[in-house]
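**Q** Quick one, fold the following:
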Amino acid sequence: MAHLPGEPRPYPAPYAATAQRPSWPSLPARLRAFVQERLGQRVDQALSQGGGFTDGFARALLLADGSRVFVKAASRLRSPEVFSSYQQEIRVARGLPEDVPAPRLRWAVEQEEWLVLAFDDVAGRTPQRPWRPEELCAVLDMLTRLATTMTPAPVGLPELDTTAGLEGGFSFWRRLVAGDVSADPQLVGARWLPRLEDLAALESDWAELAAGHSAVHFDMRADNLLITDDGQVLVCDWSWLALAAPWVDLVALLVSVHGDGQDAEEIGRASCRERV
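**A** From the prediction side, this is the model:
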């Protein structure tokens, strides 16, 4: 178990209310009828799912027989980027090894302009923020096991982007220094403005340093994790799987740990020592 120095600082961010998602009644009637027919049950209630950063439909549906299923849906016409990401999530979910801790994809189907995915609904919750030490330890242990399972990338997964292929999407500081109008300077706090050149230099070789042959989730955040009642940690939303070094998901998670006021560098070093 990793040592977790420092106490988290209060940070009341609305992690469960970052997305504006459509409600079940707002979906087209024909789509709702199709989903209920495919599930073989009437939907009695759609439970809220406000985390994440897309406008795709994503809710746990309570069915007439008392069972539950987690359903995601996106329109090719209204949300083409989300539609594309859900297509990739399907390909990845079908290729994940059985021992990867992730909700099982039951089925996925296109219905007119809509793509619908149905997953097992997991009885659990997202980790609490600021991070609680016991929950963070459980997630760090899961990441170690996940990195072992996904190194090298398992056979059966779709063709994945590499860090070299993703390099252009992580070039904000260099674009900002170069005067690229697509890099909004209003996103930068005043404290960082005097250090733009340094930040651009640090960013310049990230793709080379993070290159590798592990299949990494590449979107490892608290709202993409579920902790079950028995303490198991599951990883959701596999749309961005990529080839990179096995520590990339750890570093991504530690961004939020640092934001909560804990010593992310020491936690990262301790986690890496335990992997050796």
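**Q** rest of the way, CA atoms for contacts and neighbours
**A** Will do.
**Q** Tell me how many other residues crowd residue 128.
**A** A total of 13 residues lie near residue 128 under the criterion other C-alpha atoms under 10 Å.
**Q** With residue 202 instead?
**A** The local packing of residue 202 (other C-alpha under 10 Å) involves 12 other residues.
**Q** And the one 4 residues further on, by the same measure?
**A** The number of residues packed near residue 206 is 15, by other C-alpha under 10 Å.
**Q** how about it, what does it touch?
**A** With contacts defined as C-alpha atoms under 8 Å, 6 or more residues apart in numbering, the neighbours of residue 206 are residue 167.
**Q** 7 Å instead?
**A** For residue 206, no residue counts as a contact, taking C-alpha atoms under 7 Å, 6 or more residues apart in numbering as the criterion.
**Q** pretty sure residue 152 contacts residue 216?
**A** No: under the criterion of C-alpha atoms under 7 Å, residue 152 lies out of contact with residue 216, with a separation of 10.1 Å.
**Q** Compare neighbour counts for those two and give me the winner.
**A** Neighbour comparison, residue 152 and residue 216: the larger count goes to residue 216, with 27 against 16 (by other C-alpha under 10 Å).
**Q** For that one, give me phi and psi.
**A** Backbone dihedrals for residue 216, given as degrees, to the nearest 10, come out at phi -110, psi 150.
**Q** which ones are touching it?
**A** Going by C-alpha under 7 Å, 6+ apart, the list of residues near residue 216 reads 241, 242, 243, 244, 246, 248, 249.
**Q** Could you give the bridge partners of it?
**A** Each beta-bridge partner of residue 216 is listed here: residue 242, as defined by DSSP bridges.
**Q** which residues in the stretch 51-200 of the chain form strands?
**A** With strands called from DSSP state E, counting those that start in this stretch, the stretch 51-200 of the chain shows them at 57-63, 68-75, 105-111, 114-120, 124-125, 161-162.
**Q** Out of those strands, which is closest to residue 172?
**A** Comparing the strands of the stretch 51-200 of the chain against residue 172 with C-alpha to C-alpha, the closest turns out to be strand 161-162 (18.3 Å).
**Q** And for that closest one, what's in contact with it?
**A** Here strand 161-162 makes contact (C-alpha under 7 Å, 6+ apart) with 242, 243, 244.
**Q** mind running it again at 8 Å?
**A** By C-alpha under 8 Å, 6+ apart, the residues outside strand 161-162 that reach it are 211, 241, 242, 243, 244.
**Q** Walk me through which strands that strand pairs with, and which way each runs.
**A** Sheet neighbours of strand 161-162, with direction, are listed as strand 242-244 (parallel) (DSSP bridges).
**Q** who's in contact with residue 58?
**A** With C-alpha under 8 Å, 6+ apart as the criterion, the residues that contact residue 58 are 21, 49, 70, 71, 72, 73.
**Q** low-confidence ranges in the stretch 151-276 of the chain?
**A** Within the stretch 151-276 of the chain, the stretches falling below the threshold (pLDDT under 70) are 272-276.
**Q** how about the helices of it, start to end?
**A** Secondary structure of the stretch 151-276 of the chain, counting by DSSP state H, counting those that start in this stretch: helices at 163-166, 172-177, 196-203, 206-209, 248-259, 264-275.
**Q** Count the neighbours of residue 184 for me.
**A** Residue crowding around residue 184 was assessed by other C-alpha under 10 Å; the count is 12.
**Q** Dihedrals phi and psi, it?
**A** When quoted as degrees, to the nearest 10, the phi and psi of residue 184 stand at phi -80, psi 110.
**Q** No further questions, thank you.
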